[in-house]
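Chemist: Provide a 3D model corresponding to the input given below.
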Amino acid sequence: MVSPHKTPRKGLPAKPAFAAAATKSAPAKSTRVAKREKAAKAERTAEPAVTVSQKREKLVRDSFTIPKGEYAMLDVLKQRASGLTRPAKKSELVRAGVKALAAMDDATFLAVLRGVPSIKTGRPPSAATVAEAPAPKAGKS
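Modeler: Prediction:
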């Protein structure tokens, strides 16, 4: 006995119906419709083009080390922004700070930069890593 699923059924077209419909050419448009579409296309091209600054800029994900006091200041600034009816995210605050630094003249920028202490970069060691670290060996002199 032959399975009905393996043999093609008789009376069906070779191509699906949607493929035949796609190959048919569209009827010619009236000249009135064609003129209207041409005018609409001209209006669209007359609109100002999108400038580079209006395009979405590519985002970069980064992480950094920050002292707890300065990190807590981000929360204070977030609350301050909310109180001024402009809620802000931490990243928005950091970006606003970068813009403010970029707008400063050189003397002010250096004065602000000198007020920020330099910190050791990298991830702080976890408590488990510090506890498991071997004691330094006494070297040969």
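
Chemist: make it CA atoms for all contacts and neighbour counts henceforth
Modeler: Will do.

Chemist: Which residue ranges of this structure form helices?
Modeler: 17-23, 31-46, 68-83, 90-103, 106-114, 127-132 (DSSP state H).

Chemist: Output these as CSV; include the columns distance to residue 58 and mean neighbour count.
Modeler: Shown next, in CSV, are the helices of the chain (distance: least, Cα to Cα, whole Å; neighbours: other Cα atoms under 10 Å):
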stretch, distance to residue 58, mean neighbour count
helix 17-23, 39, 9
helix 31-46, 26, 11
helix 68-83, 24, 13
helix 90-103, 14, 12
helix 106-114, 27, 11
helix 127-132, 36, 8
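
Chemist: Serialize the ones you listed to CSV and add fields for distance to residue 57.
Modeler: CSV is the format used below for the helices of the chain (distance: least, Cα to Cα, whole Å):
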stretch, distance to residue 57
helix 17-23, 39
helix 31-46, 24
helix 68-83, 24
helix 90-103, 14
helix 106-114, 26
helix 127-132, 39
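
Chemist: what's the closest of the ones you listed to residue 120?
Modeler: With Cα to Cα, the closest approach to residue 120 among these belongs to helix 68-83: 13.8 Å.

Chemist: export that closest one as CSV, just CAs?
Modeler: Only the C-alpha atoms of helix 68-83 are listed here, as CSV (Å, rounded to 0.1, in the frame of the first residue of the first chain):
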residue,chain,number,x,y,z
LYS,A,68,31.9,55.0,46.9
GLY,A,69,31.4,58.6,47.8
GLU,A,70,31.3,59.7,44.2
TYR,A,71,29.0,56.8,43.3
ALA,A,72,26.7,57.9,46.1
MET,A,73,26.8,61.4,44.6
LEU,A,74,25.2,60.0,41.5
ASP,A,75,22.2,58.9,43.5
VAL,A,76,22.0,62.4,45.0
LEU,A,77,22.1,63.9,41.5
LYS,A,78,19.5,61.5,40.3
GLN,A,79,17.1,62.6,43.1
ARG,A,80,18.0,66.3,42.3
ALA,A,81,17.1,65.8,38.7
SER,A,82,13.8,64.1,39.6
GLY,A,83,13.0,67.0,41.9
